[in-house]
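Q: What follows is a predicted protein model with its sequence.
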Amino acid sequence: MSDVLVIGGGVVGVSSALFLLEEGHNVTLVERKGIASEASGGNAGAFALTDVEPLASPGIMRQAPRWLLDPTGPLALDPFYAPFMAEWLLRFWGASRPGKVKASTKAIGDLMRVSAEAFDQVTALTEAEPLIRRDGQLQLYEGEAAFRAAAPVWQARADHGVRFEMLESPGAIAEIQPGLSPRFTHAGYTPDWCTVTDPKTWVWHLFQAFRDRGGVYEEGRVSSLTRANGRVRASGDRERWADRVVVAAGPWSHRLARTLGDRIPLETERGYNTTIADPGIELRTFLTFTQHGFVMSKIGNGVRVGGAVELAGLDKPPNPKRWKALLDKGQAFLPGLRTEGGQQWMGFRPSLPDSLPVIGPSPRAPEVIYAFGHGHYGLTQSAGTARLVADLVAGRAPAIDLAPFRAERFRILP
């Protein structure tokens with residue numbers, strides 16, 4: 001068996017470390033800041049296994065100009081950062097063409113399928129069922145026109161075997177989630193959608209299982225990778241050697257890839273949320289406000305209100321207006337929601353322009369396996385990615401075709 005170094009203490013890195021350890025490898029997990037200290041600990045907590053449509057799509061391209069006019073709307077682009085994103089935006093546009101969307105949808109569907117299987121596997125392995133809520137999801141629409149416009153999304157889900165129910169009146173919606181504003185006239189309900197009680201608790205549960213089984217954890221920094229004599233040297237706060245290295249460092253992964261000579265156009269979608277300990281309402285299901293780009297989820301005994309996308313890089317300070325805008329909308333859409341005393345958070349979602357992560361070996365160093373760029377679906381796709389990483393390290397044929405996820409797909413501009 002191999003000596004494997006996993007870089008990254010988020011949900012993808014921890015899941016990969018656990019799967020590799022279960023296969024008998026000697027696994028060391030290295031994290032620079034702390035387990036689940038970034039987006040893996042602050043997300044909405046959803047296993048969105050029913051979502052198969054890419055963010056890069058004609059629908060987003062149609063809505064983007066209107067959204068960009070609102071500085072606190074679902075999509076914001078910092079004009080000073082835009083020049084640094086030129087390549088990413090060009091590739092996003094290219095990935096939004098119908099033929100590309102069809103291919104991406106199939107690839108996402110395949111990854112969601114293996115992720116659902118692996119999710120069940122890791123849940124049983126770590127006895128994690130008490131941390132899971134199986135309450136479904138309501139995807140809400142204002143008016144029949146918006147509902148009809150979303151028909152291709154629901155058809156894609158039907159094509160991939162996703163169960164759902166279409167609701168065409170506020171009364172039907174209220175039977176699942178009372179108290180919503182009557183402006184939401186239509187919805188799609190996916191009963192198989194599930195969430196965790198708290199995403200940080202979930203990652204720590206997996207991490208503890210890794211430690212209990214003999215996994216090694218080191219808090220430290222890796223800044224570069226080099227290949228030498230069939231092994232990999234990871235340099236940073238100190239030098240580490242391994243037979244295989246898994247790069248799962250979220251929004252910082254592309255910087256490590258560049259030290260090997262791989263140029264991967266990863267950007268960060270800055271997400272905002274507020275967790276309210278005493279919300280004053282009962283949230284019975286996960287709520288997705290489709291036209292507004294945000295969600296409400298139950299975290300612990302509270303409610304987390306968050307979402308939207310801000311493209312502004314890793315260094316710009318948070319924009320407090322975005323927290324307020326989300327809470328104002330939440331209160332308007334679910335009257336009775338109390339928003340006082342919430343805990344604010346802003347984090348970085350590692351995002352690639354075609355809405356697919358990079359999963360597979362480095363083209364320049366096959367001993368290095370990439371597992372990053374999951375965007376909004378890091379938690380959802382974490383177990384599936386871990387299973388695929390384990391296949392690659394073991395030399396097995398992966399459970400799905402990894403060609404759509406290969407790192408070298410970015411060598412040519414669209």
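A: Sure thing, it's come through.
Q: C-alpha from now on. contacts and neighbour counts both.
A: OK.
Q: residue boundaries of the strands in the stretch 1-150 of the chain?
A: Remark: strands assigned in the stretch 1-150 of the chain by DSSP state E, counting those that start in this stretch are 3-7, 26-31, 46-47, 75-77, 132-133, 137-141.
Q: Correction: the previous question concerned the stretch 201-350 of the chain.
A: Under DSSP E, counting those that start in this stretch, the stretch 201-350 of the chain gives strands at 216-219, 222-228, 231-236, 240-242, 244-247, 267-276, 286-289, 294-299, 302-311, 343-351.
Q: Give me the sheet partners of the fourth one and which way each runs.
A: Partner strands and pairing direction for strand 240-242 (DSSP bridges) are strand 231-236 (antiparallel).
Q: Ile132 reaches Thr195, doesn't it?
A: Yes. The criterion here is CA atoms under 8 Å, and Ile132 meets it with Thr195 at 5.8 Å.
Q: Can you tell me which of the strands of the stretch 1-150 of the chain has the worst average pLDDT?
A: Confidence, taken as mean pLDDT, is least for strand 75-77 of those (a mean of 85).
Q: For that one, which helices and strands make contact with it?
A: helix 58-68, strand 302-311 (3 or more CA pairs under 8 Å, 6 or more residues apart in numbering; DSSP states H and E).
Q: I'd like the mean pLDDT over the first one, please.
A: Looking back up the chat, that one is helix 58-68. Across helix 58-68, the average pLDDT comes to 74.
Q: Show me how far it is from its chain's centre.
A: 21 Å (CA atoms, centre = their mean, to the nearest Å).
Q: Likewise for the last one?
A: Going by CA atoms, centre = their mean, the spacing between the C-alpha centre of strand 302-311 and its chain's C-alpha centre is 13 Å.
Q: picking that back up, what about Ile132 and Thr195, which has more around it?
A: Comparing Ile132 with Thr195 by neighbour count (other CA atoms under 10 Å), the higher total belongs to Thr195, at 25 against 17.
Q: if we can go back for a sec, save the helices and strands packed on strand 75-77 as CSV, and put in mean neighbour count too.
A: Listed next are the helices and strands packed on strand 75-77 as CSV, based on neighbours: other CA atoms under 10 Å:
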stretch, mean neighbour count
helix 58-68, 14
strand 302-311, 24
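Q: Can you check which of these gets nearest to Ile281?
A: strand 302-311 (8.9 Å; CA to CA).
Q: elements contacting that closest one?
A: So strand 302-311, by 3+ CA pairs under 8 Å, 6+ apart, packs with strand 75-77, strand 267-276, strand 294-299, helix 320-333.
Q: could the ones you listed be laid out in a markdown table, adding mean neighbour count and distance to Val245?
A: Compiled in a markdown table, the helices and strands packed on strand 302-311 are given as follows (neighbours: other CA atoms under 10 Å; distance: least, CA to CA, whole Å):
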| stretch | mean neighbour count | distance to Val245 |
| --- | --- | --- |
| strand 75-77 | 21 | 34 |
| strand 267-276 | 24 | 22 |
| strand 294-299 | 23 | 33 |
| helix 320-333 | 17 | 38 |
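Q: Ok, which of these comes nearest Asn26?
A: strand 267-276 (31.8 Å).
Q: Tell me the neighbouring strands of the closest one, and mark each as parallel or antiparallel.
A: Partners of strand 267-276 in its sheet, by DSSP bridges: strand 302-311 (antiparallel), strand 343-351 (antiparallel).
Q: Among the helices and strands packed on strand 302-311, show the one with the smallest mean pLDDT.
A: Among the helices and strands packed on strand 302-311, strand 75-77 scores lowest, at a mean of 85.
Q: chain center to it, what's the gap?
A: 18 Å.
Q: ditto for stretch 203-219
A: The chain centroid and the centroid of stretch 203-219 are separated by 21 Å under CA atoms, centre = their mean.
Q: Determine how far the last residue of that stretch lies from the first.
A: End-to-end distance of stretch 203-219 (CA to CA, to the nearest Å): 16 Å.
Q: one step back: I'd like the strands paired with strand 267-276 laid out as CSV, including distance to Arg406 and mean pLDDT.
A: Below are the strands paired with strand 267-276 laid out as CSV (distance: least, CA to CA, whole Å; pLDDT from 0 to 100):
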stretch, distance to Arg406, mean pLDDT
strand 302-311, 24, 91
strand 343-351, 15, 95
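Q: For Leu55, which of those strands is the nearest?
A: Short answer: strand 343-351, nearest of the strands paired with strand 267-276 by CA to CA, at 10.0 Å.
Q: and the angle for that closest one with helix 320-333?
A: Relative orientation of strand 343-351 and helix 320-333, computed by axes from the mean of the first three to the mean of the last three CA atoms, to 10 degrees: 100 degrees.
Q: continuing past strand 343-351, what's the next helix or strand?
A: Stepping forward along the backbone from strand 343-351, the first helix or strand reached (DSSP states H and E) is strand 358-361.
Q: Please name the residues that touch Phe348.
A: Shown in contact with Phe348 (CA atoms under 8 Å, 6 or more residues apart in numbering): 38-39, 251, 268-271, 314.
Q: Quick check: bridge partners of the nearest residue to it once chain neighbours are set aside?
A: Excluding the flanking residues, the one nearest Phe348 by CA to CA, 6 or more residues apart in numbering is Arg270, at 4.7 Å. Bridge pairing for Arg270 (DSSP bridges) gives the partners Glu310, Phe348.
Q: What average pLDDT does stretch 85-96 get?
A: Per-residue scores along stretch 85-96 average to 92.
Q: How about residues contacting that stretch?
A: Contacts of stretch 85-96 (CA under 8 Å, 6+ apart): 56-58, 61, 100-101, 265-267, 352-354, 413-414.
Q: Kindly list the longest helix within the protein.
A: In the chain, ranked by residue count with DSSP state H as the criterion, the top helix is helix 98-125.
Q: now it against helix 58-68, angle please.
A: Relative orientation of helix 98-125 and helix 58-68, computed by the same axes, to 10 degrees: 90 degrees.
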